[in-house]
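[1] can't give you the sequence, but here's the structure:
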Ligand SMILES: [Cu+2]
């Protein structure tokens with residue numbers, strides 16, 4: 001496959017007539033069929049599989065924390081299993097997914113491993129403790145290799161490197177390596193959890209292998225930070241980690257919100273998440289919960305659409321749910337039902353070298369000058385999977401529903417399109433951090449469309465009351481390529497209307513009973529308590545590093561080598577690698593504004609762990625008239641735009657558009673080591689993630705000795721190699 005974007009860069013726009021003018025210049029083509037696996041999508045019937053509504057994750061029990069709080073306890077493993085993702089009659093797909101292995105704390109406990117996995121239901125201020133078990137072993141206890149092609153040339157977990165080489169960018173002196181086929185490291189992150197101890201955040205270097213019978217000698221079985229965090233968890237929570245598992249604890253002190261859990265292992269999150277493991281985690285109650293929503297007509301509590309699945313519900317369910325979480329993910333398949341994910345860089349843009357480790361490449365130590373041989377800079381699946389099935393349908397009555405949407409795709413921004421549902425009314429009431437300041441009528445103000453960057457969530461009331469009985473498609477008018485903002489069909493071609501332009505089908509039927517819910521226009525959402533004023537502003541940079549290669553015909557070709565984060569110093573974007581010392585180090589208790597200067601050609605969904613933030617505003621950068629790229633030193637153009645109405649309240653992921661600075665404000669309340677990163681998971685895996693630290697260096701934290709040494713070095717490059 002030749003990426004349209006990169007293809008254009010080395011053929012020149014003048015030879016092509018298909019390209020439309022976008023915000024970033026002549027760089028986007030009209031839609032064409034997306035390449036994928038060997039499965040012929042024409043053989044995949046749509047809208048024959050009912051939507052799966054994820055049941056609730058069973059509890060292993062209840063316990064009291066060291067702080068004396070009553071908590072819920074779970075034991076959840078991640079396994080490999082077949083799942084019927086494609087319609088019945090087509091082959092099942094081997095996937096990974098989480099599931100409870102102990103349901104002693106729940107009635108009707110459903111010990112079901114599924115992708116996406118069952119929903120963790122948490123009560124406000126009631127901690128959740130989870131034993132996360134890496135169970136990627138076969139029946140004999142031997143490790144299972146990855147389902148997908150792991151590129152060992154990135155800065156990644158690298159268990160084969162042993163204690164000295166784990167969490168590095170390995171060197172390859174004997175040629176370009178093939179895929180890694182050893183035991184699989186995993187570590188779970190609850191995306192959107194606020195105020196979590198760093199030992200429980202799923203730090204990318206806190207991974208662990210399964211406790212397999214045949215782990216090769218010399219392999220590191222845990223990441224660099226696992227042991228430090230294990231000691232911290234023992235001291236703080238009185239829990240003991242062991243081979244193949246970790247025990248994390250989440251305080252759930254934040255506003256009621258839709259968060260989610262997924263893998264976060266260094267350099268392989270894109271593959272671990274694509275293989276399946278992810279699920280919803282919903283925090284309910286408290287002063288910003290459903291019970292605090294009022295009906296403005298009476299001042300009394302409003303009625304939101306419900307119920308959602310509850311702990312103890314039978315499965316399959318015996319009742320009708322009117323509140324449903326909906327995870328949308330893009331996937332590609334082979335004819336045998338297996339997941340397709342590219343196993344060579346040539347799939348992306350035809351670049352056939354120089355590869356890291358190759359005769360014309362580099363050994364990989366710095367990672368520059370040679371292309372990673374397997375990693376693809378972005379990936380767009382050619383099929384849409386919703387709650388674990390391709391193109392499902394759902395029967396809905398002529399009444400209001402509450403959907404909690406999640407964009408769980410790899411690189412794909414979604415623009416959900418309700419315009420093919422006549423008479424529908426769509427209101428967004430919440431985002432990542434819980435309820436918005438006020439309901440947003442997307443039908444009236446945004447053309448019945450809902451933009452979702454990667455990992456963003458939208459809490460939405462969809463009113464089918466006036467929709468005629470019949471079957472209607474929920475569409476997607478986001479692009480089948482990197483997103484840069486703008487208007488669908490004008491600034492970029494919309495997704496293929498025959499495949500990725502379709503999400504799911506609603507089969508509308510007459511109501512079974514009068515709708516008891518409050519019309520969204522009368523909802524008074526819980527008050528937003530603003531953050532204190534910021535005392536520090538941090539200019540940061542989003543950077544794409546290009547390199548020159550050759551295609552299989554020996555022609556010169558330019559393409560992305562990696563995506564990077566960095567700082568802005570004297571107006572210049574300074575790229576930083578994952579291995580560089582921490583540059584973002586807020587003090588405990590401070591409120592800061594982070595300014596993310598996007599110097600790349602694409603939008604990036606930026607996620608900051610541990611906090612939720614307010615979107616302050618966005619401002620344009622002065623662009624070079626010829627290249628369309630921001631001039632350096634970076635200059636602001638004074639065109640300030642306020643947050644979108646659906647960006648009010650608090651968020652954990654924000655779209656940083658090209659040619660703009662995006663400003664967010666947040667308060668850092670508890671000390672620890674966390675990360676901030678792009679949630680295009682292909683970017684995140686190849687340097688578009690940075691560690692950040694709240695508060696001082698922790699005694700005995702990994703790398704403490706190295707940090708002390710590097711601070712006495714004058715050269716930045718030396719510290720990278722230390
Ligand atoms: Cu990105």
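    Happy to help now that I have it. Just so we're clear, the structure is a prediction, and the values are computed from it rather than from any experiment.

[2] quick check: closest non-adjacent residue to the closest residue to the ion within the stretch 201-350 of the chain.
    When distances are taken as C-beta to the ion, the stretch 201-350 of the chain reaches nearest to the ion at residue 270, 11.5 Å away. Where you see a C-beta, it was placed from the backbone N, CA and C, and this is true even at glycine. Distance criterion C-beta to C-beta, 6 or more residues apart in numbering; nearest residue to residue 270, sequence neighbours excluded, is residue 681 at 3.9 Å.

[3] same question for residue 501.
    residue 495 (4.1 Å).

[4] so the one you found sits against residue 483, correct?
    No: contact criterion C-beta atoms under 8 Å: residue 495 and residue 483 do not qualify, at 10.8 Å.

[5] which of these two has more neighbours?
    A direct count of neighbours by other C-beta atoms under 10 Å for residue 495 and residue 483 places residue 495 higher, at 30 against 25.

[6] for that one, which three-state class applies?
    At residue 495 the chain is in coil, as set by DSSP: H, G, I helix; E, B strand; the rest coil.

[7] so what's it up against?
    For residue 495, the contacting residues are 31, 476, 477, 478, 479, 480, 501, by C-beta atoms under 8 Å, 6 or more residues apart in numbering.

[8] what do you get for residue 220?
    Neighbouring residues of residue 220 by C-beta under 8 Å, 6+ apart: 158, 159, 161, 162, 163, 165, 166.

[9] turn the residues you listed into a markdown table, including distance to the ion and pLDDT.
    What follows is the contacts of residue 220, written out as a markdown table (distance: C-beta to the ion, whole Å; pLDDT from 0 to 100):
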| residue | distance to the ion | pLDDT |
| --- | --- | --- |
| 158 | 22 | 98 |
| 159 | 26 | 98 |
| 161 | 26 | 97 |
| 162 | 31 | 98 |
| 163 | 31 | 96 |
| 165 | 27 | 96 |
| 166 | 25 | 97 |
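
[10] give me the buried entries from these.
    Among the contacts of residue 220, those buried by neighbour count (16 or more other C-beta atoms under 10 Å) are 158, 159, 161, 166.

[11] in the stretch 51-200 of the chain, which spans are strands?
    Taking DSSP state E, counting those that start in this stretch, the strands of the stretch 51-200 of the chain run over residues 61-64, 70-83, 93-100, 117-123, 128-134, 188-191.

[12] likewise for the stretch 501-650 of the chain?
    502-509, 523-524, 536-551, 556-569, 572-576, 591-598, 604-608, 614-621, 636-641.

[13] quick one: the last one to chain centroid distance?
    The gap between the average C-alpha position of strand 636-641 and the chain average comes to 29 Å, counting by C-alpha atoms, centre = their mean, to the nearest Å.

[14] settle this for me: residue 59 is touching residue 103, isn't it.
    Yes: the pair residue 59 / residue 103 is scored as a contact, 7.3 Å apart, by C-beta under 8 Å.

[15] hey, where'd the helices end up in the stretch 101-250 of the chain?
    162-165, 226-237 (DSSP state H, counting those that start in this stretch).

[16] ok so, going back, I'd guess the residue of the stretch 201-350 of the chain closest to the ion is in a helix, am I close?
    Yes: membership of residue 270 in a helix is supported by three-state DSSP.

[17] dump the residue contacts of it.
    Contacts of residue 270 (C-beta under 8 Å, 6+ apart): 379, 410, 681, 682, 684, 685.

[18] tell me which of these is nearest to residue 542?
    Nearest to residue 542 among these is residue 684, at 12.2 Å by C-beta to C-beta.

[19] what helix or strand is the closest one on?
    In this assignment (DSSP states H and E), residue 684 forms part of helix 681-685.

[20] ok, residues contacting that helix?
    Here helix 681-685 has contacts from 154, 156, 267-270, 273-274, 375-379, 410-411, 454, 563, 604, 677-678, using C-beta under 8 Å, 6+ apart.
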